[in-house]
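**Q** Predicted model, plus sequence, below.
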Amino acid sequence: GSTGGAGSGATPTDCSSSETFCVGLVTDGSKIDDKSFNQAAWAGVQKAKDSLGAYVRYIEPAEAKDYAASIKQFTDQKYDVVITVGFLTADPTVAAAAQNPGTKFIGVDQLLDTEKVKSPNLTGLTFPADQAGYAVGYLAGLLTKTGKVGAINGLEIPPVQKYFKGYEAGAKASNPKVEVVGVYHPAGGQPFNDPVWGAGEAKKQLSQGVDVIFGIGSNTGNGALNEVAKSSGAGTTRFCIGVDVDQWGTLPEARPCLVTSAEKLISDGVAELLGQAGDGTLKGGNFLGKTGISQFHDFDDKIPADVKAKVEDVVKKLADGSLQTNVVL
Amino acid sequence: MAGIVTWQFRHLLAIGTPLLILIAAYLFYFVDQTVATSMCANAWFFAVPLVLGALTGVIGERSGVVNIGIEGQMLTAAFASFFTAAATKSLVAGVAAGILAGVAMGAFLAWTTVTARMDQIIAGVAINIVATGITSFFYKSGAQLPVNMPQWNVPVLSKIPLIGETFFQTGPIALFALLIAPVLHFAMFRTRWGLRTRAIGEYPSAADTAGINVNRMRFVNVVLAGILAGAAGTYLSMEATSSFSRGMTAGRGFLALAIMIFGAWRPLRVVAAALFFGFANALASQLQGVVDIPQQFVTLLPYVLTLAVLAIAAGRVRAPAAEGVPFIKGEGQ
Amino acid sequence: MSTPIPPPEVREAPGGAEESTPSPVAAADRGGPARPSGTLGLLIRRQTIVVPLVALAAAFSVGALLIRSQGVNPAYAYESLFSYALLDGSGLTATLQKVVPLVLCGLAVAIPLRLGLFNIGGQGQFMVGAIGAAAAAYALRSAPGIVTIIVTMVVGVLAGSMWASIAGLLKAARGVHEVISTIMLNSVAGGLIDWMLNGPLADEQVPYPASHAVPGSAQLPPIGVVPIGLPVAVTLAVATAWLLRRTTIGFRFETVGRNRYAASYAGISIRTTTVVAMGIAGGCAGLSGGIELVGVEPYRYQDGIAASLGFDGITIALLARGNPIGTIPAALLVAAMRAGAPHLALDTGLRPEIVDMVLAITLLFVSLPLVVKLIFRKHAAKGSQLASSWGA
Amino acid sequence: MTQAESRPEAARGRPPSTEERVLELQGLSKSYGAVHANSDITLHIGRGEIVALLGENGAGKSTLVKQIFGLTRPDAGRIVIKGDSTPIKDPKDAIRRGIGMVHQHFQLVPVMTVAENLILGHEPVRGGIRLDLAAARMMVRELSEKHGLAVDPDARIEDLPVGAQQRVEILKALSHRVDLLILDEPTAVLTPQETDELLGVLSELAAAGTAIVFITHKLREVLAVADRVYVLRRGRVVGTVPTDETDAARLATMMVGHDVILRVDKKPSTPGKAVLSVRDLVVRDNRRLTAVDGFSIEVRAGEIVGIAGVEGNGQRELVEAIAGMRSPLSGTVRLGDRDITRFNAADTNAAGVGHIPEDRERHGIVASYSIADNLVLNCFDSEPYSRHWIRNISAIREHAIALRAEFDIRSASIDATAGSLSGGNKQKVVVAREMAARPRLLVAAQPTRGVDIGAIELIHRRIVEARDAGAAVLLVSAELDEVLSLADRVAVIHAGKVVAELPGDLVDRAEIGRLMAGERPGVPPTDHRSDGES
Ligand SMILES: Nc1ncnc2c1ncn2[C@@H]1O[C@H](COP(=O)(O)OP(=O)(O)OP(=O)(O)O)[C@@H](O)[C@H]1O
Ligand SMILES: Nc1ncnc2c1ncn2[C@@H]1O[C@H](COP(=O)(O)OP(=O)(O)OP(=O)(O)O)[C@@H](O)[C@H]1O
Ligand SMILES: [Mg+2]
Ligand SMILES: [Mg+2]
């Protein structure tokens, strides 16, 4: 887990010098190996690392009030690019960008209010999560035999809602009579880190006739996928769908039921922006990354060809904008 | 005279309340089978670690040792069991490791509080913090259970409507929890061990003058209680899910404390209390989106209810008198 | 006629009765509680300084082994940790900013302990204080900064105090155990606040649940490296110590904690003291919530603002052995290690959790019999004081 | 006394020959820090012999017997049980070797039943695990038959009056084979009737060959039942005499080292106007049963009114109601012309009521507080001990130093914790505190329970002085002698009512005994009074 930039121990590098290209990443409180967002962003950094010959590091601040200090550590050492992950880190990122015009900032999942924020050195990387949700929802609608599909969600916040509402819309689009049930983690506690709760809710939905479950929300969602994978008929009559990254890789225990994942192509997005930063073409403002649904892996041959065809078509239409999810929060 | 009256009343409660609840449950069942069963199953699923955790507390406090380290015991056990199972590719080894972890933590508590007469709350907090430290420091992602824990359908019993699916179509640890509660209740109130345990928790010097080795017994009890906490943790990472994540106990150890008190330090009432919480939790998520009030309010239900119930009914639950007080031989005689 | 007696001759403390040959130190400490002016001071100094220091040394050595096992030079690691946390400008600010809530939440635990009440509701009380402050600040967004600040603080205190008093009242009136009620109230606070952040107090500009930021005129950034909360917290800690040792209120608390029957016989209302103590405790936590809001970025209430303060408070209170003044060094230690952790990780590649480990081990050693036997035998009895809270 | 005569001559006075010795102590010493609780104690006791241990509070009696029962280890010396001198490891060992002990403080689990308490440590089980409570009940019944001590096996200890609890303690000690029975102040909490009952039991046990060590402060009992007396002073044996070669006065002198007057000499009272007037008071006990049932009495300035009665007839609830620790169901309590019926403890105290509580360990002192702090428990927030909420430590200490001298509180210093004092000295602390406030009304409940003669004398003198200073005193005591020697007026309480009011002098013990037992008097003047005004 704790490999990556930090793993290699302290090699004093002078980032201020022009030939060393230094990239620093600040997580949003959860860890670099969260099998999801931060991990994907870090993977993107790794991708770009070699092509850029970059020197990379990350910091895992423990609480919200540490974000600014963490960013400052990179800027103090004159890092060339600072990536901050997650909407929670948005404010400190904007502030830091204003103070350090010399440093490039990439805010992953941070939609910039371009009216207020004009810093040319800050790029907000966001993803049309509703589209990814729509696509997997569309698939779910076609897969369900019981006509009931479900989702286990983390906290009730826009990024999660986007996925879920998209999922709902997609399912209804492909299967008008389908019933979509979703549950958000109760407030307090750890909405994104309560796998046991996720599992329990998944168990409940399954026994209430749901046969496709979309786990939205880090470990909480993982718990749900895990429960589906354990249930009888996993992969034959019951399916689960991962989120953010291709969880086939990050959550092997879910493979028995994991047909696909609604992906924000985070690592691609990060890598691309880093590339631009490398050759100095990186522009400020909002950058819309891509979403998609990851490959079906072992389910490739289990899913009927026509279903696959329909889904691919939808994904294409969503990408070229000819299909709208009409999701409003 | 009045003694007899209250005694009868108590037993009326003791037998009547469970009965009423059961009847209510079945009424619900006949209204909507699937929802009823799924909610009850969910309730028990949620309650299992709480039961085991709370029983850990019951044993400790009945013998006079406060244990607020349950959260930590559970977390360590969850960690140890999962990673051992993953490393050795053996579920049995995993479960064993989990239980051992619980016992080890229990032994620490016993050693500091009983042998060295340390402040029991410090020891408990220490356990919690150590647990957080160890489990997040040594955590490595990517580990995986060799296979999932088996799900057992207990012959005959699992066929009973509602009850069957709720209690008898579960994994081994859930069944263990179901079994251990009445056994422990019996042991606590009907056996030599129980009598002595309650004595050392209520009035140690009396037990001492009766020739009972108070501190040895406290030590052993606290260590043994670790088994239950260990099982609770193992349940979280190996049975309820098949993964470990940092701080995955998510405060269940503290909830277990509340349940222990709510259950008046009585194993069977503890089960009832835990089920109540589980059911409220199930209800909360069930009502989400159905009833049109902020979902937060629904999720608050169990907590507010508990407070209300405690304020109105269960008023003064009496803790074992000598709880938290280290026993020093020769005093108070 | 009662000339003070050298420790070895003090013969109270049944605690020591069975020890074959009580060490002079032990004896002195046994004499301790009997002599508020004299030995208790000594005792408290012993307890709050010597023990933690020994423990700290031990813990850091164990930590060193751990660090080496990760292939990092311990000396370098510690140096990097603390030089950042205490010497680097932004590091020091971060540290001191953490000290404030830690001290205040430590007090929120330490005060009720005197009555044998165990307040694990610091978390909720802090949150309620902070949200109350947020609401007040929003309501007064157009008022002059100073007014906003003062009102915000007051509201924070009152909110936290009220929240804790619920537990106090439930205990006093209905005998509801404070451990349950505070656990429950924590969750209730969480839920209510989550609702407010999505409803009445929500700041639509922000893509996640958060309150409106405190108006700029009312924001109190650190002066130099010193957050405004620091003097407040320190003063409060000292004041509390004085309150408990020198006033009749403190005497009431103490008496209730040691023998509630004698207390009621002496005409001390256990109910009142219970509510008052919880109220004061909640006030401390609430105040720290208010300070957090106007004194710390992002100057708004958002998820995770309370972090793990409630339980950190317990740690602090215990490291400080329930002594209000002791909460200051205890908080400084914890804060420094927490603030330095990310830098340590960046600098050495160690996982930041290493600091939790070292803190844990510290607390372990604090509660380690060996150290204790060596230094203060009386703690056993004191322990009973702390924990006896359980029995309602 | 009767049971003394009823004993077979054989057992009486005959010094047992060595081979019959059940217990022998050789140079036993035990110190607590600086205190030599026991030093170089040598004594012996034979089969069927009853030996009394006499000594002031703090003389070391309890410490001595604790060592015999394995509760604490001697620093030096040997304990020989039936010729076997292997040290006693722990109570289990002591029990195994045939020693039974009734402790000065009850050793019963309050929330458990009599039966459960009796079997604790040697529980009968059915089928290897299940507690055999039926057998336990049988055992209790047989025991209480055998020794004529009536107890209900299924009663919870906490619901029993102290007298009954004491009976349980004794049965517990006898629930296994005992060659040596130790009783540490068993009669301190017993009524005269219960005491005689117990003394009878002891005589029979002795007759059956049990050796008995009997600790008490009451010379009457010693002379009644013991064969020999060992007198302890400051941890040493200062002498041993056969009871038939001594008398109360001489024993008393041996104990305290100077002559003591057993009867309080006081001039006749000159009552002023009514200070306390209680009318038709009804008070419920913890079990919600009516304990005080239409109680009326009047205490005037400068007089001592004694409440005589068998324990458990509402005395405790009466006192707590007057002292503001328990709110009455109905009726009124007036102090002078103020109605203090609904006052709480603090207000009552402020109004000028001093209260010596019955249960000193529980209500009287804070064990972990210094003597000094205990002495201001009732006045800590009034001048000069505090000013505007700030405590005045020096004033508190001066206060303590003065009272320690005045009431002869035996402790290392005023900073010693009250918990480390012996029973009697704890009591002195309480009495000192309540007296120091110079109350208009002093409510004294069992003011000399478990207190040695020296202390009794001192406390009695102080009470009389208070009276002469114009205070009204309500004295509640299970000690008939105490009531008779102190009170100017005696009210006999039975079932929560005043059944008779008699002048303090010229009262006949037997008459009062009958009244206490509930037998209606001929034509007691008080009878119309108490219901007349209702
Ligand atoms: N050995 C046992 N096995 C299974 N259930 C039991 C056993 N003993 C008691 N119960 C049930 O457990 C609950 C609590 O029993 P318990 O005997 O502790 O309560 P109680 O005796 O009524 O209360 P108290 O002990 O305060 O009188 C009741 O429902 C009782 O019927
Ligand atoms: N655990 C202890 N620690 C310190 N000192 C003690 C302890 N127990 C007894 N002492 C001291 O030893 C001396 C003898 O105490 P002990 O209880 O034997 O007196 P006693 O003869 O039983 O008095 P009383 O008649 O009041 O019960 C007293 O001075 C007492 O303060
Ligand atoms: Mg029972
Ligand atoms: Mg004694």
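**A** Here it is on my side, so go on. Ligands and ions are numbered 1, 2, ... in the order given.
**Q** So what does D:E479 look like in phi/psi?
**A** Comment: the main-chain dihedrals of D:E479 come out as phi -90, psi 100, following degrees, to the nearest 10.
**Q** how close does it sit to D:I182?
**A** Remark: distance between D:E479 and D:I182 (Cβ to Cβ, to the nearest Å) = 23 Å. To be clear about C-beta, it is placed using only N, CA and C from the backbone, and glycine gets the same treatment.
**Q** of these two, who's got more company?
**A** Taking neighbours as other Cβ atoms under 10 Å in any protein chain shown, D:E479 and D:I182 compare with D:I182 leading, 25 against 21.
**Q** check contacts around that one.
**A** For D:I182, the set of contacting residues under the criterion of Cβ atoms under 8 Å, 6 or more residues apart in numbering or on different chains consists of D:65, D:68-69, D:99-102, D:173, D:212-213, D:215.
**Q** Tell me the one of these nearest ligand 1?
**A** Using Cβ to the nearest ligand atom, D:A173 is the member of these that lies nearest ligand 1, at 26.9 Å.
**Q** what about burial for the contacts of D:I182, which qualify?
**A** When the contacts of D:I182 are checked for burial by 16 or more other Cβ atoms under 10 Å in any protein chain shown, the buried set is D:65, D:68-69, D:99-102, D:173, D:212-213, D:215.
**Q** In this structure C:Y76 contacts C:L350, no?
**A** No: between C:Y76 and C:L350 no contact is recorded; they are 10.5 Å apart, counting by Cβ atoms under 8 Å.
**Q** Those two: who's more crowded?
**A** For C:Y76 against C:L350, the residue with the higher neighbour count under other Cβ under 10 Å is C:L350, and the figures read 25 against 14.
**Q** And the pLDDT at the nearest residue to A:D246 once chain neighbours are set aside?
**A** With Cβ to Cβ, 6 or more residues apart in numbering or on different chains as the measure, A:S294 is the residue that lies nearest to A:D246, at 3.6 Å, once sequence neighbours are left out. At A:S294, the pLDDT value in this model is 90.
**Q** so where do the strands sit in chain C?
**A** Secondary structure of chain C (DSSP state E): no strands present.
**Q** sorry, back to before: inside helices: which ones of the buried ones among the contacts of D:I182?
**A** Among those, the ones falling in helices (DSSP state H) are D:65, D:68, D:173.
**Q** now the spatially most central residue of chain A: how far from chain B?
**A** Per Cα atoms, centre = their mean, the C-alpha nearest to the average position across chain A is that of A:D244, at 3.1 Å. If you measure A:D244 against chain B using Cβ to the nearest Cβ, to the nearest Å, the figure is 15 Å.
**Q** hmm, back to that, between the ones in helices among the buried ones among the contacts of D:I182, which is closest to ligand 2?
**A** D:V65 (8.4 Å).
**Q** I figured that closest one hits D:V213, correct?
**A** Yes: with contact defined as Cβ under 8 Å, D:V65 reaches D:V213; the gap is 6.3 Å.
**Q** hey, what's in contact with both of the two?
**A** The contact lists of D:V65 and D:V213 share D:53, D:182, where a contact means Cβ under 8 Å, 6+ apart.
**Q** tell me the contacts of residue 137?
**A** Went with chain A since none was named. Applying Cβ under 8 Å, 6+ apart, we find A:G137 in contact with A:149, A:166-174, A:180, A:214.
**Q** let's do chain D instead
**A** When contacts are counted by Cβ under 8 Å, 6+ apart, D:R137 touches D:115, D:153-154.
**Q** Name the member of those with the most neighbours.
**A** Tallying neighbours with other Cβ under 10 Å puts D:A115 at the head of the contacts of D:R137, with 24 neighbours.
**Q** Assign it to helix, strand or coil.
**A** Taking DSSP: H, G, I helix; E, B strand; the rest coil as the rule, one finds D:A115 in the helix state.
**Q** How about D:L23?
**A** In the three-state summary, D:L23 is assigned as strand, counting by three-state DSSP.
**Q** Mind telling me what element the residue lying closest to it once chain neighbours are set aside is part of?
**A** The shortest distance from D:L23 to any non-neighbouring residue, by Cβ to Cβ, 6+ apart, is to D:I45 (4.9 Å). Secondary-structure assignment from DSSP states H and E places D:I45 in strand D:35-46.
**Q** are any of the contacts of A:G137 buried, and which?
**A** Buried, going by 16+ other Cβ under 10 Å: A:149, A:166-174, A:180, A:214, out of the contacts of A:G137.
**Q** From those, pick the one nearest A:T27.
**A** A:T27 has its nearest neighbour among these in A:F214, at 24.5 Å by Cβ to Cβ.
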